[in-house]
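# Need coordinates for the following:
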Amino acid sequence: MLTIYHNPRCSKSRGCNTLLLDLKREVKVINYMKDLFTEESLKEVINLLKIKPIELVRTNEQEWKDNFKGKKLSDSEIIKAMVDYPKLIQRPIVVNGKKAVVARPLELVQGIL
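Numbers count the residues shown, from 1 in each chain. Purely as a prediction, here's the structure:
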């Protein structure tokens, strides 16, 4: 089963969700704006993505600019920032077993199916 970490207000996230449903894949949809990540669950996803935490941050969001821009933050502090401000998390994130991808562009999902 695929898992999509989804923000329904994001057009890319909605498009990815539609793509997965069109492919007739069983999908667990997690609205991470309501069902919030914990620091541990976000660390797990980052490990599956094989990226540094800062690579998952939407640095153009106002919350980042107001609270974190220009500061030297540890990986743990960046993860905590994303947990506290989930809007900062890149989306959509699709997980398939031990593989994951930020599906921007949507075609990247094909690489983990």
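# Contact partners for residue 65?
Counting by Cβ atoms under 8 Å, 6 or more residues apart in numbering, residue 65 touches residue 59. (Each C-beta comes from the backbone N, C-alpha and C, glycine too.)
# Am I right that it falls within a strand?
No. Residue 65 is assigned helix when assessed by DSSP: H, G, I helix; E, B strand; the rest coil, not a strand.
# all strands for this structure, in order.
Using DSSP state E, the strands of the chain run over 2-6, 27-31, 93-96, 99-102.
# least trustworthy helix or strand in the protein by mean pLDDT?
Lowest on mean pLDDT, DSSP states H and E among the helices and strands of the chain sits helix 11-22, with a mean of 89.
# What is it packed up against?
strand 2-6, strand 27-31 (3 or more Cβ pairs under 8 Å, 6 or more residues apart in numbering; DSSP states H and E).
# if you compare those, which one is most tucked away?
Stretch with highest mean neighbour count among the helices and strands packed on helix 11-22: strand 2-6 (a mean of 22; mean count of other Cβ atoms under 10 Å).
# what's in contact with it?
Residues outside strand 2-6 that contact it (Cβ under 8 Å, 6+ apart): 13-14, 16-17, 20, 25-32, 37, 45, 89, 91-96, 113.
# Kindly report the same for stretch 103-111.
12, 15-16, 19-20, 90-94, 101-102.
# at 6 Å instead, please
Outside stretch 103-111, the residues that touch it by Cβ atoms under 6 Å, 6 or more residues apart in numbering are 12, 15-16, 19, 92, 94, 101.
# Now mean pLDDT too, for the helices and strands packed on helix 11-22, in CSV please.
Putting these into CSV (pLDDT from 0 to 100) gives the following:
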stretch, mean pLDDT
strand 2-6, 94
strand 27-31, 94
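# From residue 80, how far off is residue 60?
Counting by Cβ to Cβ, to the nearest Å, the gap from residue 60 to residue 80 is 20 Å.
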